[in-house]
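1. Need a 3D model of the sequence below.
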Amino acid sequence: RAAAAELSAIIKGARILFIGGAGSIGFQTLRTVAHFSPKALHVVDHNENALAEMVRTLRSSGQPLRVDDLLTMPIDYGGEPFRLWLKAQPQPYDHVLNFAALKHVRSEKDPYSILAMLDTNVLKLARLSKQLADHAGLKRLFCVSTDKAANPSSMMGATKRLMEHAMFSPTLDWSEKLSITSARFANVAFSNGSLLQSWSNRLALRQPMACPEGCRRFFVALPESGHLCTLAGMMGETGNIMVPALDPEDHLMLLQDVAGWFLEAQGLAPHYTHNEAEATSRVEELAAKGRWPVLLTPLDTAGEKPYEEFVGANESVHPTRWGSLCRVPYLAPVDPASFPALLDDLTAIMASDGDCPLTGNDLKAAISRVEESFAQTHVVSSC
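-> Numbering: from 1, shown residues only. As a prediction, the model looks like this:
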């Protein structure tokens, strides 16, 4: 509320492009932004079902949509249809907010899935810099990052750290007049693909819940994620990454405790077990007694951290005028030439005929030339 007047002055009458805007966090941010009467909200997302559901939700909300021009486009922001569509727009955008991402750490078991993460999280953003180079009226660019980009231990976290380099790199085609910001934050409770959403699904399907043991996480609510991204995207200080002002001692939560609280909210008590056969075979028996099986699993997913952090090694954190948010100034690679060299290498891999087999170690080595510590911090799956 404290920033409402300033946000209104920035957003009212503006033309805004949301990339990946049909996802949980993108849509929550869009709903926040729409409250301030932009002239145009154009939403690009390759998930056409999610776009349709987004429109249904907006129409069914019971609140008037304060937008003159709402447009949804089921296209991939890295493809040729998007390039042609963007070029055909009669007016430039004032703000571009990018939420497109491949964001699951489990995807790194396959080198081609890692390559897809690098394509979505890095290469497509680099291409976007060229496509927006002639948009003279563009004022702000925002891309959502992740806590896993701080001291990355997973390929996903590393690709999002590389995304931060793509945002702030002086070697790309971003205008010098463009304000560029990002945000790292914690798990968004009940967002698409989240653990809490999976627990809701397990209950609906009469299946046991699963929970990594000894794992601690920060959580923010879906509306909070939209508020954070709106502040970071529209009012954040250029060259900075916004992070929540959360204290590990006070705010890190043990996931098995969260699982218990979740079940209590459903009128159930948790039955913790390490035995998968017991968990799957006793669902109905336990449910009849007001209990639900929770399978505690080892923390052995590749790159999965036992705790979360928002600030990487050698980065500094500074307060903002909002007590709930801090800012982390962008820290460039030690070798400034390493990132453009990586982009060239990845582009060559994408254009190759595939005769040389691609391995995860090849991609890890390429990433480590930019993020030198990743060679040591990367955690390989024990599975």
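2. Quick check: buried residues in the worst-scoring helix or strand of the chain on mean pLDDT?
-> Sorted by mean pLDDT, DSSP states H and E, the helices and strands of the chain end with helix 248-251, the least confident at a mean of 76. Using 16 or more other Cβ atoms under 10 Å as the test for burial, helix 248-251 gives H251. Backbone N, C-alpha and C define where each C-beta goes, glycine included.
3. Torsion angles phi and psi at the nearest residue to G260 once chain neighbours are set aside?
-> The shortest distance from G260 to any non-neighbouring residue, by Cβ to Cβ, 6 or more residues apart in numbering, is to P270 (4.5 Å). The phi/psi pair for P270 (degrees, to the nearest 10) reads phi -80, psi 140.
4. And the pLDDT at I241?
-> Turning to I241, the model gives it a pLDDT of 98.
5. neighbours around it, how many?
-> 28 (other Cβ atoms under 10 Å).
6. And G23, by the same measure?
-> The burial count for G23: 22, using other Cβ under 10 Å.
7. ok, it touching V44?
-> No: with contacts counted by Cβ atoms under 8 Å, G23 stays clear of V44, the gap being 11.6 Å.
8. what are the phi and psi angles of the residue lying closest to R327 once chain neighbours are set aside?
-> Leaving aside its sequence neighbours, R327 sits nearest to N240 (Cβ to Cβ, 6+ apart; 4.2 Å). In terms of degrees, to the nearest 10, the main-chain angles of N240 are phi -120, psi 150.
9. To which secondary structure element type does G193 belong?
-> Secondary structure state of G193, per DSSP: H, G, I helix; E, B strand; the rest coil, is coil.
10. Likewise for S198?
-> Quick answer, by three-state DSSP: S198 is helix.
11. That one: neighbour count?
-> 15.
12. can you map out the helices along the stretch 51-200 of the chain?
-> Remark: helices assigned in the stretch 51-200 of the chain by DSSP state H, counting those that start in this stretch are 80-87, 111-118, 124-131, 155-168, 195-204.
13. export the ones you listed to CSV and tack on mean pLDDT and distance to T230?
-> Formatted as CSV, the helices of the stretch 51-200 of the chain follow (pLDDT from 0 to 100; distance: least, Cβ to Cβ, whole Å):
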stretch, mean pLDDT, distance to T230
helix 80-87, 96, 23
helix 111-118, 93, 26
helix 124-131, 96, 20
helix 155-168, 96, 18
helix 195-204, 93, 22
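14. Which other helices and strands does the helix or strand following the least confident helix or strand of the chain contact?
-> With elements assigned by DSSP states H and E, the helix or strand that comes after helix 248-251 is strand 253-254. Contact analysis of strand 253-254 by 3 or more Cβ pairs under 8 Å, 6 or more residues apart in numbering; DSSP states H and E lists strand 216-217 as its packing neighbours.
15. which residues touch the helix or strand just after the strand it packs on?
-> The element immediately downstream of strand 216-217 (helix or strand, assigned by DSSP H and E) is strand 219-220. Outside of strand 219-220, the residues within contact range by Cβ atoms under 8 Å, 6 or more residues apart in numbering are F185, A186, N187, V188, A189, L228, P244, M253, V258.
16. Just the buried ones from those residues?
-> Judged by 16+ other Cβ under 10 Å, buried ones among the contacts of strand 219-220: F185, A186, N187, V188, A189, L228, P244, V258.
17. All set now, cheers.
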